[in-house]
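A.B. asks: model this:
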Amino acid sequence: MEFVAAKKDFTQALAKAQGIPETKNVSSVMANVLLESVDSGTVRLTAQSYEVTLVVSFPAQVVSPGRLALSSRTLMDSAKMLPEAPVTVKGQPNSWADLGAGRTAYKVPGILPDNMPEAQVPQTAFEVKLPRALLGEIAERVGFAMSQDEGRPNLNGIFLKATPDGDSARIEAVATDSHRLSRLVRDVEAGGLAESVRAILHRKGIVELRRFLEDTEDDVFLGFQRSAVVVRSASGYLLVRQIELEYPDYQRVIPSEFKWRFSLDRQEFIGAVRRAQVVISSDKTPLVRLRLEQGRLQVMAQDPERGDALSELDVSYEGEPLDISYNNRYLLDALVALTGQEALVSIRDQGSASILSNPEDPGLLQLIMPVRV
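C.D. replies: The predicted structure is shown next:
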């Protein structure tokens, strides 16, 4: 196989695949990517792991058709270093390939293409057309709250639910690690959805989703099948394995009645929480303390070795005073993930989850547990 492609097209396709192939065991077939000629002007790239399958096409002049299975690490690292010139990839009899552009050349290791596993082909029961921005918003505003605890696999991803409503669909995305929770609800125009569908998208797939959408501006299609969720664009598809477990009943931890509620400028609040980080030791739980009084909020942090920090902010509040502490990083993540200028903080009591929201965006909710000190 031999083809010539613009460096931008080639490296964009490789960038989408960079986090998928095996990296720890470079002798695994999963450490390679598959390049195949589709027609005289198109090459298809396939990258696979146990959780994710990526298939994307890019324009290229195919000199001789065929297939190549090349080391993803070497191919990607080498392609980045090529000069801005047309890129030539030419297979050799030993399954390696010559990679070159301008006056720079590399030899890239490879294996027999027939040794590569067959890529899973999407067989979706339902597909919903979505704005590309919505999937990006799910990854950005919800994904950070996914659990990293491998002992709780049902929390190692984003719970996704699509519910039909006439010619529309309600898309709900939730992530939690049991200390915090993020929920996003959006209504979109989407015909053809006959019944509610739900899935837990694996954490690794959420990371790859961001890359898959990077240079995509058009609408995408979200499809559901028994064991996976598929995101399809004009250039290809990303198939993410479902976590086939029950997601916890998150609705019961979202309080509906509150004793304290106050609002303030979100960016000023973010700045105060960041300033508190200066005196928080990295080897300790990063605690920030909030003291709420009429018309003002004090944001504080203390450390016997690093000192004290105090920021005072104006707030819209006239009720009883409150002292409460949070994990500084969790509070900051929640504030950054919100939208809009105003942040509304709603607290039922000092032992229950607190809610951060934007009054102008009721579809987005951030929930964090206070820390007892």
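A.B. asks: Walk me through the domains of the chain.
C.D. replies: What automatic domain parsing lists as the domains of the chain is 2-115, 126-250, 254-368.
A.B. asks: Please dump those domains into JSON lines; it should also carry mean pLDDT for every row.
C.D. replies: Below are the domains of the chain laid out as JSON lines (pLDDT from 0 to 100):
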{"stretch": "domain 2-115", "mean pLDDT": "95"}
{"stretch": "domain 126-250", "mean pLDDT": "87"}
{"stretch": "domain 254-368", "mean pLDDT": "93"}
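A.B. asks: a markdown table for those, including mean neighbour count?
C.D. replies: (Glycine included, C-beta is placed from N, CA and C.) As requested, the domains of the chain are exported to a markdown table (neighbours: other CB atoms under 10 Å):
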| stretch | mean neighbour count |
| --- | --- |
| domain 2-115 | 18 |
| domain 126-250 | 18 |
| domain 254-368 | 17 |
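A.B. asks: Can you measure across stretch 197-213, start residue to end residue?
C.D. replies: Using CA to CA, to the nearest Å, the end-to-end distance of stretch 197-213 comes out at 22 Å.
A.B. asks: from the middle of its chain, how far away would that stretch be?
C.D. replies: Distance of stretch 197-213 from the chain centroid (CA atoms, centre = their mean, to the nearest Å) equals 6 Å.
A.B. asks: before we move on, what about stretch 260-276?
C.D. replies: 25 Å.
A.B. asks: Now it - C-alpha only, PDB.
C.D. replies: The C-alpha coordinates for stretch 260-276 follow below in PDB (Å, rounded to 0.1, in the frame of the first residue of the first chain):
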ATOM      1  CA  TRP A 260     -29.600  28.600  53.100                       C
ATOM      2  CA  ARG A 261     -29.600  30.100  49.500                       C
ATOM      3  CA  PHE A 262     -27.300  32.800  48.300                       C
ATOM      4  CA  SER A 263     -26.100  34.000  44.900                       C
ATOM      5  CA  LEU A 264     -22.900  35.800  43.800                       C
ATOM      6  CA  ASP A 265     -20.700  36.500  40.800                       C
ATOM      7  CA  ARG A 266     -19.400  33.100  39.600                       C
ATOM      8  CA  GLN A 267     -16.000  34.400  38.400                       C
ATOM      9  CA  GLU A 268     -15.400  36.200  41.700                       C
ATOM     10  CA  PHE A 269     -16.200  33.100  43.600                       C
ATOM     11  CA  ILE A 270     -13.900  31.000  41.400                       C
ATOM     12  CA  GLY A 271     -11.100  33.600  42.000                       C
ATOM     13  CA  ALA A 272     -11.600  33.400  45.800                       C
ATOM     14  CA  VAL A 273     -11.500  29.600  45.800                       C
ATOM     15  CA  ARG A 274      -8.300  29.600  43.700                       C
ATOM     16  CA  ARG A 275      -6.700  32.100  46.000                       C
ATOM     17  CA  ALA A 276      -7.300  29.700  48.900                       C
END
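A.B. asks: what's next to that stretch, contact-wise?
C.D. replies: Residues from elsewhere that reach stretch 260-276 (CB atoms under 8 Å, 6 or more residues apart in numbering): 288, 292, 297, 299-301, 309, 311, 313-317, 319-320, 322, 328, 331-332, 335-336, 338, 340-347, 358-359.
A.B. asks: Next step: these restricted to strands.
C.D. replies: Using DSSP state E, 288, 292, 297, 299-301, 309, 311, 313-314, 322, 342-347, 358 are the members of these that sit in strands.
A.B. asks: can you pull out the helices in the chain?
C.D. replies: 7-17, 72-81, 132-141, 203-212, 266-276, 328-337 (DSSP state H).
A.B. asks: Please identify which of the ones you listed is closest to residue 64.
C.D. replies: Smallest distance to residue 64 across the helices of the chain (CB to CB): 17.2 Å, for helix 7-17.
A.B. asks: Identify the residues contacting the closest one?
C.D. replies: 33, 45, 47, 54, 56-60, 72, 75-76, 79-80, 82-87, 101, 208, 211-212, 214-215.
A.B. asks: please redo it, this time with the cut-off set to 7 Å
C.D. replies: 33, 45, 47, 54, 56, 58-59, 72, 75-76, 79-80, 82, 84-85, 87, 101, 211-212, 215 (CB atoms under 7 Å, 6 or more residues apart in numbering).
A.B. asks: what angle do it and helix 203-212 make?
C.D. replies: For helix 7-17 against helix 203-212, the angle by axes from the mean of the first three to the mean of the last three CA atoms, to 10 degrees is 160 degrees.
A.B. asks: Figure out how far helix 7-17 is from the centre of its chain.
C.D. replies: On CA atoms, centre = their mean, the centre of helix 7-17 falls 19 Å from the chain's centre.
A.B. asks: CA-only coordinates of it in CSV, if you can.
C.D. replies: C-alpha atoms of helix 7-17 as CSV (Å, rounded to 0.1, in the frame of the first residue of the first chain):
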residue,chain,number,x,y,z
LYS,A,7,0.0,16.6,6.7
LYS,A,8,-3.0,18.4,8.3
ASP,A,9,-5.4,15.7,7.2
PHE,A,10,-3.1,12.8,8.2
THR,A,11,-2.2,14.2,11.6
GLN,A,12,-5.8,15.2,12.4
ALA,A,13,-6.9,11.6,11.9
LEU,A,14,-4.0,10.3,14.0
ALA,A,15,-4.8,12.8,16.8
LYS,A,16,-8.3,11.4,17.1
ALA,A,17,-6.7,8.0,17.7
